[in-house]
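>>> This is a predicted model, with the sequence first.
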Amino acid sequence: RKFVQQDFRPALYALLLIGTLIPIIWPFNLPILISKETKGLYDYVDRLPSGSVIAIGNLIDLTSWPELNSFVTVSLKHMFARNLKLIVFSLTAEAPRLALKAMGPLDLSKKVYGVDYVLTAFLPGEELAIARIMEDFYVVKVDFYGTPVEKIPLMQQTRKGKDLALWIDVQTGRIVDGIV
């Protein structure tokens, strides 16, 4: 009975402190494994000529944001560093704002919106929307800021899926297969 009434919090906090300090003082140096798919995407993007247009089908929502945020940010950084043009198609209601949030840490001071990258308004329909986009980008009528897409220079030079160097589908838990 006396044992149950004892306060174990100080001992628990001491164990937590020790468990936290050990890997800080003596790091485990675990290897960082890179999957062949990740390496393949990186190498493919690296080989694209400057000025190539990449489209990103952004199916990110708030539930997948913690998992995909870092992937999107580093991918965009790599693509912008390679001087590639980006069209981000927003395929969930949250996607436009989350795409802007992913771009937040990036230095876009040398990039011109509408020339180097475009963020479209939300287009519902997921798989059906992707199929429609690949036939004609102007199925999206305006960008995120309300500008008609026919007035955006990047959208004027890129009208169909065949004009793209790459389509990247960013999502979790869904299967979009056999469209392109």
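Structure's in. What do you need?

>>> For the residue most central in space within the chain, which non-adjacent residue is spatially closest?
Compute the mean C-alpha point of the chain, and by C-alpha atoms, centre = their mean the closest residue is residue 72, 2.4 Å away. Nearest residue to residue 72 in three dimensions, chain neighbours excluded: residue 102, at 4.2 Å (C-beta to C-beta, 6 or more residues apart in numbering). Backbone N, C-alpha and C define where each C-beta goes, glycine included.

>>> tell me which element the one you found is part of?
Assigned by DSSP states H and E, residue 102 belongs to helix 95-103.

>>> Now do that helix: everything it contacts.
For helix 95-103, the surrounding residues in contact (C-beta atoms under 8 Å, 6 or more residues apart in numbering) are 56, 58-62, 65, 69, 72-73, 76, 88, 90, 119-122, 144.

>>> and with 6 Å instead?
Here helix 95-103 makes contact (C-beta atoms under 6 Å, 6 or more residues apart in numbering) with 58, 60, 65, 69, 72, 73, 88, 90, 119, 144.

>>> Over to stretch 50-60?
68, 79, 83-92, 95, 98-99, 130, 158, 164-171.

>>> now, which of those residues lie within strands?
With strands taken from DSSP state E, the overlap with the contacts of stretch 50-60 comprises 85, 86, 87, 88, 89, 90, 166, 167, 168, 169, 170.

>>> From the residues you listed, pick the one nearest residue 137.
residue 87 (7.4 Å; C-beta to C-beta).

>>> how about the closest one, what does it touch?
55, 118 are the contacts of residue 87 under C-beta under 6 Å, 6+ apart.

>>> How confident was the prediction at residue 106?
Residue 106 carries a pLDDT value of 90.

>>> which residues touch it?
So residue 106 contacts residue 77 (C-beta under 6 Å, 6+ apart).

>>> Break down the chain into its strands, ranges please.
Under DSSP E, the chain gives strands at 53-58, 85-90, 117-122, 166-170.

>>> Same list, those, but as JSON lines with distance to residue 138 and mean pLDDT please.
What follows is the strands of the chain, written out as JSON lines (distance: least, C-beta to C-beta, whole Å; pLDDT from 0 to 100):
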{"stretch": "strand 53-58", "distance to residue 138": "14", "mean pLDDT": "89"}
{"stretch": "strand 85-90", "distance to residue 138": "12", "mean pLDDT": "91"}
{"stretch": "strand 117-122", "distance to residue 138": "11", "mean pLDDT": "90"}
{"stretch": "strand 166-170", "distance to residue 138": "17", "mean pLDDT": "87"}
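
>>> Export these as JSON lines, with columns for distance to residue 13.
What follows is the strands of the chain, written out as JSON lines (distance: least, C-beta to C-beta, whole Å):
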{"stretch": "strand 53-58", "distance to residue 13": "43"}
{"stretch": "strand 85-90", "distance to residue 13": "46"}
{"stretch": "strand 117-122", "distance to residue 13": "46"}
{"stretch": "strand 166-170", "distance to residue 13": "41"}
